[in-house]
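Participant: can't give you the sequence, but here's the structure:
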């Protein structure tokens with residue numbers, strides 16, 4: 001894998017986010033980050049969304065963060081035994097509420113993943129005007145999970 005990928009990515013390891021700005025061979029970068037728990041990578045450049053990258057993530061049981069960030073929305077590609085969804089708001093710009101249709105689509109996707117035995121982590125980052133908590137509660141209701 002001689003190709004280099006420029007751009008930012010985020011790593012989520014046991015509740016701590018690590019952000020990098022880099023240009024490096026992808027396998028070397030990904031192999032440096034071995035962790036217990038449910039790690040996930042959120043890439044912020046579309047050049048990372050390639051089959052060889054997904055293969056490395058699968059080999060390491062690292063979830064591709066299913067993000068709708070405006071810089072590089074992720075394909076909904078499953079790469080681990082757990083699923084990490086991160087909603088940045090419609091259009092991926094940290095604002096506004098998601099439509100019922102979008103959240104119903106997410107709820108159906110989450111239901112399929114649950115049937116496959118995958119653990120689901122879903123975070124909302126559309127925090128302007130308190131949209132994130134309201135959308136999280138709506139989605140929880142759609143997937144049949146009571147608010148805690």
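Facilitator: It's in. Computed from a predicted structure; not experimentally measured. Numbering: from 1, shown residues only.
Participant: against residue 145, how distant is the spatially most central residue of the chain?
Facilitator: Central residue of the chain (CA atoms, centre = their mean): residue 65, 2.0 Å from the mean position. Between residue 65 and residue 145 the computed distance is 20 Å (CB to CB, to the nearest Å). Bear in mind the C-beta positions are built from the backbone N, C-alpha and C, glycine included.
Participant: just to revisit the earlier point, what's the spacing between the nearest residue to the residue nearest to the centre of the chain once chain neighbours are set aside and residue 115?
Facilitator: Leaving aside its sequence neighbours, residue 65 sits nearest to residue 42 (CB to CB, 6 or more residues apart in numbering; 3.5 Å). To residue 115, residue 42 is 25 Å away according to CB to CB.
Participant: the more surrounded of those two?
Facilitator: Neighbours per residue, other CB atoms under 10 Å: of residue 42 and residue 115, the larger number sits with residue 42, 23 against 8.
Participant: tell me how far the helix or strand hosting the more buried one lies from the chain's centre.
Facilitator: Assigned by DSSP states H and E, residue 42 belongs to strand 40-43. The chain centre lies 6 Å from the centre of strand 40-43; the measure is CA atoms, centre = their mean, to the nearest Å.
Participant: helices or strands up against it?
Facilitator: strand 4-13, strand 63-64, strand 82-87 (3 or more CB pairs under 8 Å, 6 or more residues apart in numbering; DSSP states H and E).
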